[in-house]
Structure formats: structure tokens, C-alpha cells
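I'll drop the sequence and a predicted model, then ask my questions.
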Amino acid sequence: MPDVRALATAYGVRVEFAPLGDWGSVRLIAEYDPDGPIIRVNTRTLSPQGDREAIDRAIAHELYHHREAIGVVKRIAGRHAREAAADAFAERLIGARA
């Protein structure tokens, strides 16, 4: 049962909770910032005391992007395909808990 926060720590990625601003019609859940590296979970969307599974899924999704940045996985061309791959990675990690 993987702990995504511990996995982030193992990768040297800090996890923060911050209000990430207004994204209009887009619902931003989290972002990955390679300068850090940092994963920021959007407190406008998810409360730090909120749904742990949703938060962990967001962290896992952004960890995929970190893995791209450090060359563990090849960067896929096309934003939609990259986001789908990050979602699938998060699902595998979170689904592995059961």
C-alpha cells in the first residue's frame, strides 16, 4: 500500500497546500513546480483536512510529472496524452492500496 507523500519525500519533492488562484472555468487541483521541486495542492479546490484519497490522487498525478522531469519516464508529446498518463499512474498507485 504505497504512501504517496512518503514517495514524494523519497523523490525529494516537497508537498505544499496553497491557494493557486482563479483559473476561470478550469478546476486546478494541484500543480508540479520543478524549481524546488514542489507539488502544490490547491486549497481553493481541496482542503488539507479534506478527502485524503483525492489529495493523494492529486499528489500521485503530479509525481508522474516529476518523474517525467527527472527522466524516469519518457515525456509524451501532447498535453492531453501526458495528463492521461499522469491520471493512469495515479490510479495505479491509489488502486494499489486496496
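Sure thing, it's come through.

read off the pLDDT value for the most centrally placed residue in the chain.
The chain has Glu62 as the residue nearest its centroid, 2.3 Å off, counting by C-alpha atoms, centre = their mean. pLDDT for Glu62: 97.

over to Pro2?
Confidence score, pLDDT, at Pro2: 76.

and it, how far from Ala77?
28 Å (C-beta to C-beta, to the nearest Å). The way it works is simple: take the backbone N, C-alpha and C, and place the C-beta from them, glycine included.

the two: which is more packed in?
Neighbours were counted for Pro2 and for Ala77 using other C-beta atoms under 10 Å; Pro2 has more, 13 against 7.

that one is in contact with Gly95, isn't it?
No - counting by C-beta atoms under 8 Å, Pro2 does not reach Gly95; the two are 10.1 Å apart.

point out where this structure drops to low pLDDT.
For the chain, the stretches flagged by pLDDT under 70 are 1, 23-24, 96-98.

hey, where'd the helices end up in this structure?
Remark: helices assigned in the chain by DSSP state H are 4-10, 52-69, 79-95.

can you say which of the ones you listed is packed in most?
Across the helices of the chain, averaging neighbours per residue (mean count of other C-beta atoms under 10 Å) puts helix 52-69 on top, at a mean of 20.

for that helix, packing partners?
helix 4-10, strand 30-33, strand 38-42, helix 79-95 (3 or more C-beta pairs under 8 Å, 6 or more residues apart in numbering; DSSP states H and E).
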